[in-house]
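# build me a structure from this.
(chains A, B, C and D)
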2 protein chains.
Amino acid sequence: MEDAPDTDRTPTATRILDTAQDLVQRRGYNAVSYGDLADELDLTTTAIHYHFPAKADLGQALVRRYRRQSSQTRAALEDQHENLRERLVQYVELFSGILENGGLCLCGILAADTETLPDKVQREIQRFFAEQEDWLTTIIGADSSGDAGLQGCPSPRATARVLLAAVEGAMLTTPQRDPETYTDTLRRLIDSIVT
Amino acid sequence: MEDAPDTDRTPTATRILDTAQDLVQRRGYNAVSYGDLADELDLTTTAIHYHFPAKADLGQALVRRYRRQSSQTRAALEDQHENLRERLVQYVELFSGILENGGLCLCGILAADTETLPDKVQREIQRFFAEQEDWLTTIIGADSSGDAGLQGCPSPRATARVLLAAVEGAMLTTPQRDPETYTDTLRRLIDSIVT
DNA sequence: GTCTATAAACTGATAGAC
DNA sequence: GTCTATCAGTTTATAGAC
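Predicted coordinates for the structure are as follows:
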């Protein structure tokens, strides 16, 4: 198992992750420094280095926690809604909530920085997208009507790939990053998937 | 007219832009420095400051040129192909070519850095996406069959938004950034638009 | 667990010579 | 148009005290 526990974390470590996540979702990896975090948290950079020795450690912990949270959120969403359309609409709503917060998907913004990221952070990001794609593939394939999916897509996975791409891409391309327009765009796509 | 000439540029200025574009498309705005460019071009940072006094000027020139090139490419593509499907397939091919080159769409990667960018660079990026969206809207609306568009989309613009989002998003989310998989994903979407 | 102090490198940018 | 020299600020990171 390469996936460490990463729960039972110190209160300070958690505060650091919270602030770091917020800043990275707004500015990207390379525009967030230990100094920025220290300012925001009223700590010194040294204190942060105690919890996360190198920036790579901070980055990895950040994405790992994000993956875990995302997994739990998806599970809850699966429990609360039975039919595919509602599940997809709520899924999209998660991302429009991020936009409302003034940021982007953590892994979306980090994916843009990929080339400059430490290897272990890159791997976590790849896993995140694989998990999203797998989950979407599963729930689309599990639809009771049996024929959910985009018209041109031969498999649930093909539809899942289009949807995931649109979810991440619309965060970058939606005019003014308006959450309403974002949601509207993706609802149209969902309407084309669940007919 | 706020749009400056930006053609008739010095050979060195063009070399700088070429290298800067390549590096930014791989690493993002904040991970490319005057020093990096100077190394790559066998110049000093001062020489680059002569052509582009501040980094904001370089960024703006970069996106402006990219916009102009993109506009010309789209026009050529419109001339060479008559039917919607071929136009869209070739459009997508442009972006898969970027992936093959090891980079991302200049404006896609810059959009992720938005918060940290000078205002004038932000504005250029917004314009880029507006132009892409408008062009896609136009060619979808102009389709001779008259009923092109995603099933769930009431207007050509709604379809255009989904497609643009997918084009940009799939560059980030496609496993291994494999150009084949990228193209395949978007072809499926095109198949759902041009039925 | 947090601090002061510090290092070595890098950042965007400017002055002034050629 | 390009150079040398230099600036002040920031970056990631470490040593050692409390």
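# which bits of chain A sit near DNA strand D?
Within chain A, the positions near DNA strand D by C-beta under 7 Å from any atom of the strand are A:32, A:33, A:34, A:35, A:36, A:45, A:46, A:49, A:53, A:54, A:55, A:56. Heads up, the C-betas are built off the backbone N, CA and C, glycines and all.
# just give the closest residue to the third one, not the sequence neighbours.
Taking C-beta to C-beta, 6 or more residues apart in numbering or on different chains as the measure, residue A:34 lies nearest to residue A:45, with 4.2 Å between them; neighbours along the chain are not counted.
# cool, and residue A:120?
residue A:60 (4.9 Å).
# which one among the residues of chain A next to DNA strand D gets closest to residue A:186?
residue A:32 (27.9 Å; C-beta to C-beta).
# my guess is that closest one contacts residue A:24. True?
Yes. The criterion here is C-beta atoms under 8 Å, and residue A:32 meets it with residue A:24 at 5.2 Å.
# could you tell me how far residue A:36 is located from chain B?
11 Å (C-beta to the nearest C-beta, to the nearest Å).
# for the closest residue in space to residue A:10 that isn't next to it in sequence, give its distance to residue B:109.
Using C-beta to C-beta, 6+ apart and skipping the chain neighbours, the partner closest in space to residue A:10 is residue A:51 (6.9 Å). To residue B:109, residue A:51 is 30 Å away according to C-beta to C-beta, to the nearest Å.
# related to what we said a few turns ago, okay, the residues of chain A next to DNA strand D in JSON lines with pLDDT and neighbour count next?
Shown next, in JSON lines, are the residues of chain A next to DNA strand D (pLDDT from 0 to 100; neighbours: other C-beta atoms under 10 Å in any protein chain shown):
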{"residue": "A:32", "pLDDT": "98", "neighbour count": "25"}
{"residue": "A:33", "pLDDT": "98", "neighbour count": "13"}
{"residue": "A:34", "pLDDT": "98", "neighbour count": "19"}
{"residue": "A:35", "pLDDT": "98", "neighbour count": "11"}
{"residue": "A:36", "pLDDT": "98", "neighbour count": "15"}
{"residue": "A:45", "pLDDT": "98", "neighbour count": "14"}
{"residue": "A:46", "pLDDT": "98", "neighbour count": "9"}
{"residue": "A:49", "pLDDT": "98", "neighbour count": "15"}
{"residue": "A:53", "pLDDT": "98", "neighbour count": "10"}
{"residue": "A:54", "pLDDT": "98", "neighbour count": "10"}
{"residue": "A:55", "pLDDT": "98", "neighbour count": "19"}
{"residue": "A:56", "pLDDT": "98", "neighbour count": "14"}
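# let me know the closest of those residues to residue A:79.
residue A:32 (34.5 Å).
# contacting residues for that closest one?
For residue A:32, the contact set (C-beta atoms under 8 Å, 6 or more residues apart in numbering or on different chains) comprises A:20, A:23, A:24.
# in helices only, show me the residues you listed.
A:20, A:23, A:24 (DSSP state H).
# phi first, then psi, for residue A:148.
phi -70, psi 150 (degrees, to the nearest 10).
# that one touches residue A:193, doesn't it?
Yes. Counting by C-beta under 8 Å, residue A:148 does reach residue A:193; the two are 6.1 Å apart.
# list the buried residues for stretch A:120-130?
A:121, A:122, A:124, A:125, A:126, A:128, A:129 (16 or more other C-beta atoms under 10 Å in any protein chain shown).
# what would it look like as PDB? C-alpha coordinates only.
The C-alpha coordinates for stretch A:120-130 follow below in PDB (Å, rounded to 0.1, in the frame of the first residue of the first chain):
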ATOM      1  CA  LYS A 120       4.900  12.300  -6.500                       C
ATOM      2  CA  VAL A 121       2.500  15.200  -6.900                       C
ATOM      3  CA  GLN A 122       2.100  14.400 -10.600                       C
ATOM      4  CA  ARG A 123       1.200  10.800  -9.800                       C
ATOM      5  CA  GLU A 124      -1.500  11.900  -7.300                       C
ATOM      6  CA  ILE A 125      -3.100  14.100  -9.900                       C
ATOM      7  CA  GLN A 126      -3.200  11.300 -12.500                       C
ATOM      8  CA  ARG A 127      -4.900   9.100  -9.900                       C
ATOM      9  CA  PHE A 128      -7.500  11.800  -9.200                       C
ATOM     10  CA  PHE A 129      -8.600  12.000 -12.800                       C
ATOM     11  CA  ALA A 130      -8.500   8.200 -13.100                       C
END
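# could you check how far it is from the centre of its chain?
Mean-position distance between stretch A:120-130 and its chain equals 11 Å (C-alpha atoms, centre = their mean, to the nearest Å).
# what mean pLDDT does that stretch get?
Regarding stretch A:120-130, the rounded mean pLDDT is 98.
# residues contacting that stretch, please?
A:29, A:56, A:59-60, A:63-64, A:66-67, A:70, A:107, A:110-111, A:114, A:117, A:164, B:172-173, B:175-176.
# where does pLDDT dip in chain A?
For chain A, the stretches with pLDDT under 70 are A:1-7.
# now it against DNA strand D: closest residue?
Closest residue of chain A to DNA strand D, C-beta to the nearest atom of the strand: residue A:33 (3.0 Å).
# next one: the residue nearest to residue A:34 from residue B:163, what distance?
From residue A:45 to residue B:163 the distance is 45 Å (C-beta to C-beta).
# what of residue A:9?
If you go by C-beta to C-beta, the gap between residue A:9 and residue B:163 works out to 42 Å.
# these two: who's more crowded?
In this view residue A:9 and residue B:163 are compared by other C-beta atoms under 10 Å in any protein chain shown, and residue B:163 has more residues nearby, 31 against 15.
# before we move on, the earlier item: neighbour count: residue A:148 and residue A:193, which is higher?
A direct count of neighbours by other C-beta under 10 Å for residue A:148 and residue A:193 places residue A:193 higher, at 27 against 21.
# let me see the contact set for that one.
A:84, A:88, A:140, A:148, A:149, A:150, A:159, A:163, B:152.
# ditto for residue A:23
Per C-beta under 8 Å, 6+ apart, neighbours of residue A:23: A:32, A:36, A:37, A:40.
# ok, 7 Å please
A:32, A:36 (C-beta atoms under 7 Å, 6 or more residues apart in numbering or on different chains).
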